[in-house]
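Participant: Here is a sequence together with a model predicted from it:
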Amino acid sequence: MLLGEEPMHGYQLMQAIADRSDGRWTPSPGAIYPTINQLEDEGLVTVTAEAGRKLVTLTDAGREYVETRRETSVDPFAGFASTEPGTDLRALLEELHSATRQVARSGSEEQRTAAAKILAEARRSLYLLLADAPVLPETPKDPEA
């Protein structure tokens, strides 16, 4: 379907899929390139070298295949459309991962210990959420109280 819009390199296909799925699905090279090879073996695409990259283009048979299924096929990206705010957990997880990596690289030992406690509590809270248990954030204890 994506190649029906324009020829692309493998990396462009991975990016287009990630973009259209709002980052919820990012295929690896190990998924994309064997698929391209299979499509080429089936005569649906041609792969040509262009500036050191392999450009994947639909053949006439590939365009016909896409066109004949356009009306009956389900858009594989339709399920990723989200109208609810805050449902993109993957993006939030990536942001958390970046912050954690930064603390691990440049934080003090105290900061890394505190980050480990925060992450452990977040994991615990998520499992409690799945168990339908009340999830209450731990309130910091006042050392002077």
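Facilitator: Perfect, thanks for sending it. Residues are numbered from 1 along each chain as shown.

Participant: name the helices or strands packed onto the lowest-mean-pLDDT helix or strand in the chain?
Facilitator: Counting by mean pLDDT, DSSP states H and E, the weakest-scoring helix or strand in the chain turns out to be helix 89-106, with a mean of 88. Helix 89-106 sits against helix 109-130, with contacts defined as 3 or more C-beta pairs under 8 Å, 6 or more residues apart in numbering; DSSP states H and E. Heads up, the C-betas are built off the backbone N, CA and C, glycines and all.

Participant: Can you point out the buried residues in the helix it packs on?
Facilitator: Across helix 109-130, burial judged by 16 or more other C-beta atoms under 10 Å covers residue 115.

Participant: mind showing which ranges of the chain have poor pLDDT?
Facilitator: 79-88, 135-145 (pLDDT under 70).

Participant: Centre of the chain to stretch 37-49, how far?
Facilitator: 25 Å (C-alpha atoms, centre = their mean, to the nearest Å).

Participant: And the contacts of that stretch?
Facilitator: For stretch 37-49, contacts defined as C-beta atoms under 8 Å, 6 or more residues apart in numbering pick out 3, 36, 54, 55, 56, 57, 58, 59, 61, 62, 65.

Participant: returning to that earlier point: the least confident helix or strand of the chain to helix 109-130, inter-axis angle?
Facilitator: Interaxial angle of helix 89-106 relative to helix 109-130 (axes from the mean of the first three to the mean of the last three C-alpha atoms, to 10 degrees): 160 degrees.

Participant: In CSV, list the C-alpha atoms belonging to helix 89-106.
Facilitator: Listed next in CSV are the C-alpha coordinates belonging to helix 89-106 (Å, rounded to 0.1, in the frame of the first residue of the first chain):
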residue,chain,number,x,y,z
LEU,A,89,1.9,4.8,26.0
ARG,A,90,4.8,3.9,23.7
ALA,A,91,5.8,7.5,23.3
LEU,A,92,5.6,8.1,27.0
LEU,A,93,7.7,5.0,27.6
GLU,A,94,10.3,6.2,25.1
GLU,A,95,10.4,9.6,27.0
LEU,A,96,10.8,7.7,30.3
HIS,A,97,13.6,5.6,28.8
SER,A,98,15.4,8.8,27.6
ALA,A,99,15.1,10.4,31.1
THR,A,100,16.3,7.2,32.8
ARG,A,101,19.3,6.9,30.4
GLN,A,102,20.2,10.5,31.2
VAL,A,103,20.1,9.9,34.9
ALA,A,104,22.1,6.7,34.5
ARG,A,105,24.8,8.6,32.5
SER,A,106,25.1,11.8,34.3
